[in-house]
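**Student:** Need a 3D model of the following:
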Amino acid sequence: MTGNPNSSEASQVILNPDGSLQLLPSAAPTGLSTILLPTGQFETTGRLSIRPGDITIKSIAASDAQAIAKGNIALLVPNLQLQNSLNLRADQTITVRDIASAPATIMAGGNILFQGGQGIDILALNYPQQPIESRDITVLRSNGNILADSFFKNSQLFALNLNDAAGNLFSAISFQVDSRQSVKFAPNPSSASIQATIKTYRNILAFDGRTADAIKTDVKMTILVGYP
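**Tutor:** Residues are numbered from 1 along each chain as shown. Next comes the predicted model:
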């Protein structure tokens, strides 16, 4: 088993094909675990605990959609297709999962807002051709950890805290973003996959003593790196 025994963060468990267990950070205890299949896909198992105040969303096809929860919001293999904007606010956490046999489809013609007061936990890596996509701005807002193991496509992506300063974005497996303009976040220093993603873009502005090399020339992007 691998993991950080000194971490106070909640964890989810990945069962590797060789039988070993790997602890991954989680925004909050979910009751879910993840199996890494020999195909390289991730399968989510377990039973999500639903309590009064929680909302689960499976499918939306509308012009605009808004959901506000006193507890948690869960998007388990969702199919959310909005002509305009998607606005999800949870006092506790927002959880997003796909499975090996079905994607998490989240598309908006306008903005996407995920706001989880205590954390955001996204693990949706099985279908890179179906990223979490907005034609305009995607905002991930939380005072807790923003865990973003997924693919994103948008005009701009901001990971912020509730005061709109750069939020603590973390990736345990893979974080990829295709933005036409700018991306702003404060990456967790141990997120190697985020650091690797940063290095795939040009026009890098780095703070807090960290730098990133530009190796692609076909994407014009500014990534604000570091803590405010």
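**Student:** sec struct for Leu162, please.
**Tutor:** Secondary structure for Leu162, judged by DSSP: H, G, I helix; E, B strand; the rest coil, is coil.
**Student:** wait, doesn't it sit right on Arg141?
**Tutor:** Yes. Using Cβ atoms under 8 Å, Leu162 is in contact with Arg141, at 6.4 Å. For the C-beta atoms, the positions are set from N, CA and C on the backbone; glycine is no exception.
**Student:** Please identify which of those two sits among more neighbours.
**Tutor:** Arg141 (21 against 13; other Cβ atoms under 10 Å).
**Student:** Would you list the phi and psi of the nearest residue to Leu32 once chain neighbours are set aside?
**Tutor:** Distances taken as Cβ to Cβ, 6 or more residues apart in numbering place Gly46 nearest to Leu32, at 4.3 Å, with adjacent residues excluded. Gly46 adopts backbone torsions of phi 110, psi -180, taken as degrees, to the nearest 10.
**Student:** my guess is Gly46 meets Ser33, correct?
**Tutor:** Yes. Proximity of Gly46 to Ser33 meets the contact threshold set by Cβ under 8 Å, at 5.0 Å.
**Student:** between those two, which one's more packed in?
**Tutor:** A direct count of neighbours by other Cβ under 10 Å for Gly46 and Ser33 places Ser33 higher, at 16 against 12.
**Student:** Quick check: the more buried one vs Ala62, distance?
**Tutor:** Using Cβ to Cβ, to the nearest Å, one obtains 32 Å as the distance from Ser33 to Ala62.
**Student:** Just the helices from this structure, written as ranges.
**Tutor:** 192-198 (DSSP state H).
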